[in-house]
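Novice: Attaching a predicted model along with its sequence, questions to come.
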Amino acid sequence: NAGVTQTPKFRVLKTGQSMTLLCAQDMNHEYMYWYRQDPGMGLRLIHYSVGEGTTAKGEVPDGYNVSRLKKQNFLLGLESAAPSQTSVYFCASSYDRGYGYTFGSGTRLTVV
Amino acid sequence: LAKTTQPISMDSYEGQEVNITCSHNNIATNDYITWYQQFPSQGPRFIIQGYKTKVTNEVASLFIPADRKSSTLSLPRVSLSDTAVYYCLVGDPVGELIFGQGTELSVKP
C-alpha cells in the first residue's frame, strides 16, 4: 500500500539553487496537489493538477513550477530557491476534487 | 471559497468525548464539509466528510445543522494518540480545498 510517495524526504539547498520534488501515487487518481506548511500555519495550496498534462495555480504559486507528464507523477520545481521557501512540502492526490485527499509524508526543505 | 473558523486549541482528558466546532457562515449550496487530522511530521489524514445532518464512521461523527453554517466533529472517548491538529475544510467538490490553521487538540492522561 504505497499510496502517495514523496522524494526526497529532506533537503538543504543554498539560495539560488534549483531542485525538483517528486510526488508519485499508485491509486490512479486524477487530481494531484502540492501544499506547503510553515510553522504554526495550516497548509497552503501551491499548484494542482486535474489530470495528466494539466496544471493550475493555487494560493501561493510564485517561485514554483509544476509538471504532470504522467498521471501518476506530479513534480514541483524550484528554479532559484530562496530562504522564504524553507518549509515542509506535502503532495496529495484524490480521485475527485474536494474529496478524500491522500497525503504523502512530506519533504522538509531548508534553504540557507 | 467559504472561510472557516475553529478554535486554535483545545484540551481534553483520556476517555472523554471531544467536540470541535467549525463555523462556516458563507458555505455555498454545493460545498461539502471535510475534516482532516494531522500528526506532527506527517501529512493530513482524511477523517470524515458530510453535506448535511449526521455522518458517522469508525473514527468520528460529524454533525451538521440544517442551516449548514457550522459543523461539529465529535471524537468519542479520546486517547493520548488522538493528540493532533484537526482541520475543518469547506469546499465545492469541483473546487480545491483550502486549509485553515486548524485546532490543536491536546489529550492528557
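Specialist: Thanks, I have the structure now. If you're wondering where the values come from, they're calculated on a predicted model, not measured in any experiment.
Novice: Compute the first-to-last residue distance for stretch A:15-29.
Specialist: 34 Å (Cα to Cα, to the nearest Å).
Novice: so for it, what's the average pLDDT?
Specialist: Across stretch A:15-29, the average pLDDT comes to 96.
Novice: Show me which parts of it are buried, residue by residue.
Specialist: For stretch A:15-29, the buried set under the neighbour-count rule, 16 or more other Cβ atoms under 10 Å in any protein chain shown, comprises A:19, A:21, A:23, A:24, A:25, A:29. In this view, the C-beta of every residue, glycine as well, is placed from N, C-alpha and C.
Novice: I'd like to know how many residues surround the residue of chain B found nearest chain A.
Specialist: Proximity of chain B to chain A (Cβ to the nearest Cβ) peaks at residue B:43, 2.9 Å away. Close neighbours of residue B:43, defined as other Cβ atoms under 10 Å in any protein chain shown, add up to 23.
Novice: Please determine how far it is located from residue A:108.
Specialist: Residue B:43 sits 12 Å away from residue A:108, taking Cβ to Cβ, to the nearest Å as the criterion.
Novice: Same question for residue B:10.
Specialist: For residue B:10, the distance to residue A:108 (Cβ to Cβ) stands at 27 Å.
Novice: Make sure residue B:57 is actually in contact with residue B:50.
Specialist: No. Between residue B:57 and residue B:50 there is no contact under Cβ atoms under 8 Å: 10.1 Å.
Novice: Of these two, give the one with the bigger neighbour count.
Specialist: Neighbours per residue, other Cβ under 10 Å: of residue B:57 and residue B:50, the larger number sits with residue B:50, 19 against 10.
Novice: Make sure I have this right: residue A:90 is in a strand.
Specialist: Yes. With the criterion set as DSSP: H, G, I helix; E, B strand; the rest coil, the secondary structure at residue A:90 is a strand.
Novice: That one and residue A:4: what is the separation?
Specialist: Noted for residue A:90: a distance of 9 Å to residue A:4, by Cβ to Cβ.
Novice: who touches both of the two?
Specialist: Shared contacts of residue A:90 and residue A:4, defined by Cβ atoms under 8 Å, 6 or more residues apart in numbering or on different chains, comprise A:103, A:104, B:43.
Novice: okay if I get those residues as TSV plus secondary structure and pLDDT?
Specialist: Output for the shared contacts of residue A:90 and residue A:4, formatted as TSV (DSSP: H, G, I helix; E, B strand; the rest coil; pLDDT from 0 to 100):
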residue	secondary structure	pLDDT
A:103	strand	93
A:104	coil	95
B:43	coil	92
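Novice: Redo the residues you listed as a markdown table? Include distance to residue A:73.
Specialist: As requested, the shared contacts of residue A:90 and residue A:4 are arranged in a markdown table below (distance: Cβ to Cβ, whole Å):
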| residue | distance to residue A:73 |
| --- | --- |
| A:103 | 16 |
| A:104 | 12 |
| B:43 | 17 |
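Novice: If we only consider those, which is nearest to residue B:108?
Specialist: Among those, residue B:43 lies closest to residue B:108 (Cβ to Cβ), at 25.4 Å.
Novice: List the backbone torsions phi and psi for the closest residue to residue A:30 other than its chain neighbours.
Specialist: Nearest-residue entry for residue A:30: residue A:51, 5.1 Å, with adjacent residues in sequence omitted and distances by Cβ to Cβ, 6 or more residues apart in numbering or on different chains. With angles defined as degrees, to the nearest 10, residue A:51 shows backbone torsions of phi 160, psi 170.
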